[in-house]
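Peer 1: this one's structure only:
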């Protein structure tokens, strides 16, 4: 590796490796055998060819902000950091696209094109820090997904190298491509199919106008129903976020957002578009929220107040972080009409386990983010938290949803994959993996469980109590 | 709601038998897009009759239907709630099905502005080439568990799996719609269009043909009125858009028609006769020679598009060798005996 890479780009001393021992899910830690920081595509190719020859597993890492352990290193593996691929290569205002390297930060793209009146729509809450390469690998979402889509809807082309060193150009500047849609397959593949070396993202014109309103509710279920009512009315908000009382108070304490501290829940409903659209739809949404049982509705009077309303939501995670030594963030997604029911069941589980849960989430997408508060220093509390988290995900699957809306499976939710998918489906995933990476060297052990692992997980589950969801097919 | 018939079991059995006996299957639903691909020789696998809307709740913005369900049935169900398939799939005949729409991946005039068929697929139930029934994705807006197999099915024309059920995201229809027309040459017209898009005007379709640029606006009435003031132009006939969408416009009846998909800003030569959609990204032109080389030079791709004739010539842009190799391996991963619509897209797949 040192022959291929410039001095300082191969790390192997213990103190150099430790910053890479985990990603945003710090509950899992593993020091890799070595970390490499390539600077060119040809260096990546040489590293991959070398590792393929030596049968050394490889894990790619962007900014390391992922929440599912997708970039967790392997003890016997090489970690490729793409931090040095941090340049914006081209901004094309005519086609409204930008060509960027994978290590470019999500927000840096919007900042770079801001003077052209453009922006990159997906905005995961880590957007200050997370890299666009990681966003593609995880199919990252954010607050604006309902209207503007996930990463998969906002990229047009990728340059990829497979573990065998093959270069693939996937997608194009045209709006479609011949053959299979590998752009969709690659997005969200969690670094298992190839290393992304370049991304062409779609840019959108900044909306002429945007405004947000804050609606308070006496109970969470009413707020959940109001979400469905807004959508049923034909309004497509740019953002529709729900916070429960614990989240309201935590956020208000932290950034003084001026939230109604006694409300059981609030909805933040943002409308954007042309000036006339915003005015028309805000008044329409206001009516729907009112008739859905909102006790108070405030429309931001100016840009400053709008920023303040959002500040509380954006600071909610760190604010909750102040309530407890640790918290564990879940990512299940459910059909919107199930929100009220599922929240009730989550609150029952919280009581059962004696672990407080705070809810702040993308209600418009049905994408829940229950935050389980725990203390890792108390013996066994992390394990109980993970078990509680697992049960929440099972409820989401049962409600017709999924174990992960935008954070990815990684290592964290690999057991719950056995609940969402049957053996045929898992084997199909493995067959796809094999088409790209026949030796299984790229990020092995993540995202897709082996059937063996599922069999063990199933057995363990029965052991602890009754088998969840006896109605689901099992093999 | 019309007939509700589940043929899943029968179809799984037929695929499994075909796999065991290595018999190629020609998959067919409404058979309205036979022209869009090479002929498949094999035993018929008929999806016609495997139909019915399985769930639709307007507040969820999701509809789930069996693949043989007619698009017209789906659209009238959505219409009742003021919703639509925003990618505007073409109905080449009233027999067109949702399975065919997704398998072909064709999108209508709104594509450049609202998204493509693939953008609205949330989940699919499929039968792979071994006769195994599998479900990927789901009915929720966001789902990143496992590879995105349901979107991979879009445009694969059944060569990776037989579509059984499909869940699609639907969108509310706009309160109002207006068509504006401008007498302007193609090059200049598309510069205007790019400016309008940049300014955030609610453009949801564009067409330049024979010296006239037509633009569709969809939004609230107030917003459209404001946009019209800023953009200028005369109001025009809105029946152009269904003609483009369903490809009944005279342009599509021409022989030797080619579909050229390129970047929006690709240079336009005014002297060239063509119909241009998608803000410049989709160009329809007649040519007796194949346009694959030209498309490649423009970093796009070309498709032979003769609605009224079957062709034995290549229809889709040839793939680069490394791309073809990976696509063959993906085909192998889903259909190891190569029985699902073999040759439909490419002779090698």
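Peer 2: Yep, that arrived. For clarity, every value in this text was computed on a predicted model and none was experimentally measured.

Peer 1: when you work out contacts or count neighbours from here on, use the C-alpha atoms and nothing else.
Peer 2: Fine.

Peer 1: low-confidence ranges, the stretch 1-150 of chain B, go.
Peer 2: B:1-3 (pLDDT under 70).

Peer 1: chain A now?
Peer 2: A:460-475.

Peer 1: domains for it, by residue range?
Peer 2: Chain A resolves into domains spanning A:10-81, A:88-205, A:209-319, A:324-462 when parsed by automatic domain parsing.

Peer 1: how about the ones you listed, which one is nearest residue B:280?
Peer 2: domain A:88-205 (9.9 Å; CA to CA).

Peer 1: CSV please, covering the domains of chain A and showing distance to chain B and mean neighbour count.
Peer 2: Output for the domains of chain A, formatted as CSV (distance: least, CA to the nearest CA, whole Å; neighbours: other CA atoms under 10 Å in any protein chain shown):
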stretch, distance to chain B, mean neighbour count
domain A:10-81, 11, 20
domain A:88-205, 4, 23
domain A:209-319, 4, 21
domain A:324-462, 4, 20
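
Peer 1: out of those domains, which gets nearest to residue B:320?
Peer 2: Comparing the domains of chain A by CA to CA, domain A:88-205 comes nearest, at 9.3 Å.

Peer 1: so what's the gap between the closest one and the chain middle?
Peer 2: A distance of 14 Å separates the centroid of the chain from that of domain A:88-205, by CA atoms, centre = their mean, to the nearest Å.

Peer 1: for stretch B:206-224, same thing?
Peer 2: Put simply, stretch B:206-224 sits 21 Å off its chain's centre (CA atoms, centre = their mean).

Peer 1: mind checking the end-to-end distance for it?
Peer 2: 15 Å (CA to CA, to the nearest Å).

Peer 1: check stretch B:115-122 too.
Peer 2: 14 Å.

Peer 1: and the contacts of it?
Peer 2: A:153, B:86-87, B:89, B:101-102, B:105-107, B:137-142, B:150-151, B:154, B:166-170 (CA atoms under 8 Å, 6 or more residues apart in numbering or on different chains).

Peer 1: identify whichever of the domains of chain A lies nearest to residue B:225.
Peer 2: domain A:209-319 (9.2 Å).

Peer 1: looking at this, residue B:112 is in a strand?
Peer 2: No. Judged by DSSP: H, G, I helix; E, B strand; the rest coil, residue B:112 forms no part of a strand; its state is helix.

Peer 1: for it, which non-adjacent residue is closest in space?
Peer 2: Of all residues not flanking residue B:112 in the chain, residue B:278 sits nearest, at 5.0 Å (CA to CA, 6 or more residues apart in numbering or on different chains).

Peer 1: separation between that neighbour and residue B:189?
Peer 2: 13 Å.

Peer 1: ditto for residue B:330
Peer 2: 42 Å.

Peer 1: now residue A:213
Peer 2: Residue A:213 is 39 Å from residue B:189, where distance means CA to CA.

Peer 1: before we move on, the earlier item: tabulate the domains of chain A (JSON lines), appending distance to residue B:274.
Peer 2: As requested, the domains of chain A are exported to JSON lines (distance: least, CA to CA, whole Å):
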{"stretch": "domain A:10-81", "distance to residue B:274": "40"}
{"stretch": "domain A:88-205", "distance to residue B:274": "17"}
{"stretch": "domain A:209-319", "distance to residue B:274": "32"}
{"stretch": "domain A:324-462", "distance to residue B:274": "40"}
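
Peer 1: so which of the ones you listed comes closest to residue B:342?
Peer 2: domain A:88-205 (13.4 Å).

Peer 1: for that closest one, how far is the first residue from the last?
Peer 2: End-to-end for domain A:88-205, by CA to CA: 19 Å.

Peer 1: what about stretch B:30-39 and chain A, touching?
Peer 2: No. Figure legend: stretch B:30-39 not in contact with chain A (CA under 8 Å from any CA of the partner chain); closest approach 11.5 Å.

Peer 1: what's near enough to touch the most centrally placed residue in chain B?
Peer 2: Chain B has residue B:106 as the residue nearest its centroid, 1.3 Å off, counting by CA atoms, centre = their mean. By CA under 8 Å, 6+ apart, the contact list for residue B:106 reads B:89-90, B:116-117, B:155.

Peer 1: and what of residue B:91?
Peer 2: Shown in contact with residue B:91 (CA under 8 Å, 6+ apart): B:32, B:71, B:245-246.

Peer 1: tell me the one of those residues nearest chain A?
Peer 2: residue B:245 (16.4 Å; CA to the nearest CA).

Peer 1: so what's that closest one up against?
Peer 2: Taking CA under 8 Å, 6+ apart, we find residue B:245 in contact with B:88-91, B:107-109.

Peer 1: neighbour-wise, which one of those leads?
Peer 2: residue B:109 (29 neighbours; other CA atoms under 10 Å in any protein chain shown).

Peer 1: give me the nearest residue to that residue, chain neighbours excluded.
Peer 2: The shortest distance from residue B:109 to any non-neighbouring residue, by CA to CA, 6+ apart, is to residue B:205 (5.2 Å).

Peer 1: wait, is that neighbour part of a strand?
Peer 2: Yes. Residue B:205: assigned to a strand according to three-state DSSP.

Peer 1: what number of residues lie near it?
Peer 2: 22.

Peer 1: was I right about it contacting residue B:217?
Peer 2: Yes. Contact between residue B:205 and residue B:217 holds when scored by CA atoms under 8 Å: they sit 7.3 Å apart.

Peer 1: please enumerate the helices of the stretch 101-250 of chain A.
Peer 2: A:106-113, A:132-138, A:145-148, A:182-186, A:220-232, A:245-255 (DSSP state H, counting those that start in this stretch).

Peer 1: kindly report the same for the stretch 151-300 of chain B.
Peer 2: Using DSSP H, counting those that start in this stretch, the helices of the stretch 151-300 of chain B run over B:186-198, B:221-231, B:240-245, B:292-297.

Peer 1: for residue A:368, what are its contacts?
Peer 2: A:330-334, A:359-362.

Peer 1: and for residue B:125?
Peer 2: Residue B:125 neighbours (CA under 8 Å, 6+ apart): B:133-136, B:150, B:163-166.

Peer 1: phi, psi of it?
Peer 2: With angles defined as degrees, to the nearest 10, residue B:125 sits at phi -110, psi 130.

Peer 1: and it, what are its bridge partners?
Peer 2: Residue B:125 forms beta bridges with residue B:135, residue B:165, as assigned by DSSP bridges.

Peer 1: picking that back up, wait, which of the domains of chain A is closest to residue B:212?
Peer 2: Nearest of those (CA to CA): domain A:88-205, 21.5 Å.

Peer 1: helices along the stretch 251-400 of chain A, start to end?
Peer 2: Here the stretch 251-400 of chain A has its helices, by DSSP H, counting those that start in this stretch, at A:275-291, A:303-314, A:316-321, A:339-353, A:381-398.

Peer 1: okay, these in TSV with distance to residue A:168 next?
Peer 2: What follows is these, written out as TSV (distance: least, CA to CA, whole Å):
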stretch	distance to residue A:168
helix A:275-291	42
helix A:303-314	37
helix A:316-321	38
helix A:339-353	41
helix A:381-398	35
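
Peer 1: and the residue nearest to residue B:112, what does it touch?
Peer 2: Here residue B:278 is in contact with B:109-113, B:205-207, B:264 (criterion: CA under 8 Å, 6+ apart).

Peer 1: switch the cut-off to 10 Å
Peer 2: Residue B:278 makes contacts with A:175, B:108-113, B:204-208, B:261-264, as judged by CA atoms under 10 Å, 6 or more residues apart in numbering or on different chains.

Peer 1: ditto for residue A:205
Peer 2: Counted by CA under 10 Å, 6+ apart, residue A:205 has contacts A:93, A:96, A:113-114, A:116-121, A:273, B:197-201.

Peer 1: do the same with residue A:346
Peer 2: By CA under 10 Å, 6+ apart, the contact set of residue A:346 is A:352, A:357-359, A:370, A:388-389, A:391-393, A:395-396.
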